[in-house]
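Q: One predicted model, sequence on top.
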Amino acid sequence: MADTDCIFCKIIAGEISSFKLYEDDRTYAMMDINPFNDGHCLVITKAHAVNLLDADGADLAAVLPTAQKIARALQAALEPEGINIIQANGPAAGQTVLHYHSHIFPRRLTDGAMMNWGHAPGDMARIEEVYNKIMAELASAV
Ligand code: AMP
Ligand code: ZN
């Protein structure tokens with residue numbers, strides 16, 4: 001179901017142009033028009049969903065094979081030194097377009113993208129406390 005106010009729904013409907021890379025029944029891939037690096041592109045679900053939390057499971061399952069197809073082409077075409085698959089949910093995660101999308105984010109060793117964090121040892125008691133909260137939700141969701 002499309003959202004008439006959604007820019008990505010308009011792209012899928014052909015009302016706004018894009019650099020389309022690929023589409024199938026459930027997914028659509030295109031170049032990001034504000035690329036961080038050359039080759040930065042997006043895989044979006046054809047069905048409107050705000051993000052991972054409300055997307056259809058079958059649509060999500062279709063996203064990764066499309067991401068793999070695009071990533072392989074990108075790797076062959078541009079030979080980046082790495083590729084991140086990034087997907088934002090909510091404002092603190094940096095989500096600006098409220099239609100599910102995964103970034104195919106080619107990396108260069110010197111690109112300075114601020115998404116790699118160090119590995120500081122965690123507080124095991126705190127981890128267990130948080131773990132128990134999530135487990136309680138999972139148990140009630142089944
Ligand atoms: P996010 O900030 O994770 O929600 O990512 C949204 C992405 O969509 C940004 O990287 C934008 O550059 C990109 N974007 C926004 N409008 C368009 C558009 N019309 N065509 C392609 N990419 C877009
Ligand atoms: Zn949409």
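A: Cool, the structure landed. Ligands and ions are numbered 1, 2, ... in the order given.
Q: lowest-confidence helix or strand of the chain?
A: Every helix and strand in the chain was compared by mean pLDDT, DSSP states H and E; the lowest is helix 124-141, with a mean of 92.
Q: other SSEs contacting it?
A: On a contact count with 3 or more CB pairs under 8 Å, 6 or more residues apart in numbering; DSSP states H and E, helix 124-141 meets no helix or strand. Quick note: C-beta positions are derived from backbone N, CA and C, even for glycine.
Q: Residues touching that helix, excluding its own?
A: Where contact means CB atoms under 8 Å, 6 or more residues apart in numbering, no residue beyond helix 124-141 reaches it.
Q: go on, stretch 103-117?
A: Residues outside stretch 103-117 that contact it (CB under 8 Å, 6+ apart): 29, 32, 36-43, 67, 70-71, 74, 78, 80-88.
Q: Given the host helix or strand of residue 22, what are its sheet partners and their directions?
A: Element membership for residue 22 (DSSP states H and E) is strand 20-23. Applying DSSP bridges, strand 20-23 is found paired with strand 27-31 (antiparallel).
Q: Stretch 106-114: end-to-end distance?
A: End-to-end span of stretch 106-114 (CA to CA, to the nearest Å): 13 Å.
Q: follow-up on the earlier one: near ligand 1, from the contacts of stretch 103-117?
A: The residues of those that also fall near ligand 1, by CB under 6 Å from any ligand atom, are 32, 42, 88.
Q: Can you flag which of the residues you listed belong to strands?
A: Cross-referencing these against strands under DSSP state E gives residue 42.
Q: of the contacts of stretch 103-117, buried ones?
A: Buried residues within the contacts of stretch 103-117, counting neighbours by 16 or more other CB atoms under 10 Å: 29, 32, 36, 39-43, 67, 70-71, 74, 80, 83, 86-88.
Q: Can you tell me the closest non-neighbouring residue to residue 10?
A: Once flanking residues are discounted, residue 10 sits nearest to residue 16: 4.5 Å by CB to CB, 6 or more residues apart in numbering.
Q: in what helix or strand does that neighbour lie?
A: Here residue 16, judged by DSSP H and E, is contained in no helix and no strand.
Q: burial of it, as a residue count?
A: For residue 16, the neighbour count with other CB atoms under 10 Å is 11.
Q: Give me the distance from stretch 53-70 to the chain's centre.
A: 9 Å (CA atoms, centre = their mean, to the nearest Å).
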